[in-house]
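Trainee: coordinates only, sequence not included:
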């Protein structure tokens, strides 16, 4: 009788042990990240794990989850390892101990571009992001207009949790923006007579003019600052291309210069109302640490190296401009 009772108890104990501690996951590469959505219920999580062939037995997992009071999974990006037990898996998914993602964005022109790039890396989708990014009240809350709001987002790589919402993303970027704008950098902007947003606007022009060779950006920045100080029009081709919304244009023509737009720096004096791209940190630094010189003209070199010829006089500039136009014609680049 005692032996039979012992065997029954041993069987029950072994069954419980198997459910709780036996290997319950199978992963092809030994390790695998899963992304638990904020909206998921526990049953949706279980269905996902089973559909992806990660969970060996759903009934034992649910039993352990019930015993441990695991009702609602915490959203996030979790690293699973092959052979994890139901107990270890439940503990992980209810703990919230997720692994951050490395969020990267650069080469951005518009808020739509930014929303699309970020949406592929965090849980918030592009619709949710663009709705927040284009909200005038939210822009104002952080001290920006809708035209300048894009300048708050500094291109870089950030560690961030995958289940970050659109508003949480903006809050994080606001913190990074404040961290960048130290007292020293604010003082440099003030010495130029520029606000932080105006530095970003100017940096976006500098970056658009010199995409290939970052080392030339302080020189380009110095040229624009010279023009601003003299009250000259900036006459920046990239601002026209931005205003036209056609980024395939390789040759700005006289007809383009007649466009009635606040971004047409051939017609209007001063900076455009907002950045024409998302300036990199190197471009912001190029403005704040601009090269002092006497140049007020520049033209792309005719060798298409990506560098520019700089000039102090219109006569010298016309020589460089004619060289460049001849090369455009030779290469049959008409628009």
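Mentor: Noted; the coordinates are in hand. As the structure is a computational prediction, the values presented were derived from the model and not from experiment.
Trainee: I'd like the average pLDDT over stretch 30-37.
Mentor: Mean pLDDT, stretch 30-37: 90.
Trainee: what residues of that stretch count as buried?
Mentor: 32, 34, 35, 36 (16 or more other C-beta atoms under 10 Å). Backbone N, C-alpha and C define where each C-beta goes, glycine included.
Trainee: again with stretch 94-108
Mentor: Residues 94, 98, 101, 103, 105, 108 are the ones in stretch 94-108 that count as buried (16+ other C-beta under 10 Å).
Trainee: same deal with stretch 172-192?
Mentor: Buried residues in stretch 172-192 (16+ other C-beta under 10 Å): 173, 174, 177, 185, 188, 189, 192.
Trainee: need the mean per-residue confidence for it.
Mentor: pLDDT averaged over stretch 172-192 gives 98.
Trainee: how about stretch 268-285?
Mentor: Average pLDDT, stretch 268-285: 96.
Trainee: cool, stretch 242-261 as well?
Mentor: The average pLDDT for stretch 242-261 rounds to 87.
Trainee: pull the residues that contact that stretch.
Mentor: For stretch 242-261, the surrounding residues in contact (C-beta atoms under 8 Å, 6 or more residues apart in numbering) are 109, 208, 237, 240-241, 263-264, 266-267, 272, 276-277, 328, 333-335.
Trainee: in the sheet, who's paired with the spatially most central residue of the chain?
Mentor: Centroid-nearest residue in the chain, with C-alpha atoms, centre = their mean: residue 105, separated by 2.9 Å. Listed by DSSP bridges, the beta-bridge partners for residue 105 are residue 156.
Trainee: and what of residue 76?
Mentor: Beta-bridge pairing of residue 76 under DSSP bridges involves residue 36.
Trainee: burial count for residue 235?
Mentor: Counted with other C-beta atoms under 10 Å, residues neighbouring residue 235 total 18.
Trainee: coming back round to it: possible to save the buried residues of stretch 30-37 as TSV with distance to residue 303?
Mentor: Below are those laid out as TSV (distance: C-beta to C-beta, whole Å):
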residue	distance to residue 303
32	50
34	52
35	48
36	54
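Trainee: between those residues, which is closest to residue 113?
Mentor: residue 35 (23.4 Å; C-beta to C-beta).
Trainee: thinking again about what came up before, so which of the buried residues of stretch 94-108 are in helices?
Mentor: Members of the buried residues of stretch 94-108 lying in helices (criterion: DSSP state H): residue 94.
Trainee: what's the closest of the buried residues of stretch 94-108 to residue 148?
Mentor: When the buried residues of stretch 94-108 are compared against residue 148 (criterion: C-beta to C-beta), the nearest one is residue 108, at 14.6 Å.
Trainee: is the residue nearest to the closest one when sequence neighbours are not counted in a helix, a strand, or coil?
Mentor: Computed as C-beta to C-beta, 6 or more residues apart in numbering, the closest residue to residue 108 that is not its neighbour in sequence is residue 278, at 3.8 Å. Secondary structure, DSSP: H, G, I helix; E, B strand; the rest coil: residue 278 is coil.
Trainee: any idea how far residue 150 is from residue 278?
Mentor: Note on residue 278: its distance to residue 150, by C-beta to C-beta, to the nearest Å, is 6 Å.
Trainee: so for these two, which residues contact both of them?
Mentor: Both residue 278 and residue 150 are contacted by 108, 114, under the criterion C-beta under 8 Å, 6+ apart.
Trainee: which residues are in contact with the closest residue to residue 185 other than its chain neighbours?
Mentor: Once flanking residues are discounted, residue 185 sits nearest to residue 288: 5.9 Å by C-beta to C-beta, 6+ apart. Applying C-beta under 8 Å, 6+ apart to residue 288 gives the contacts 185, 188, 189, 192, 199.
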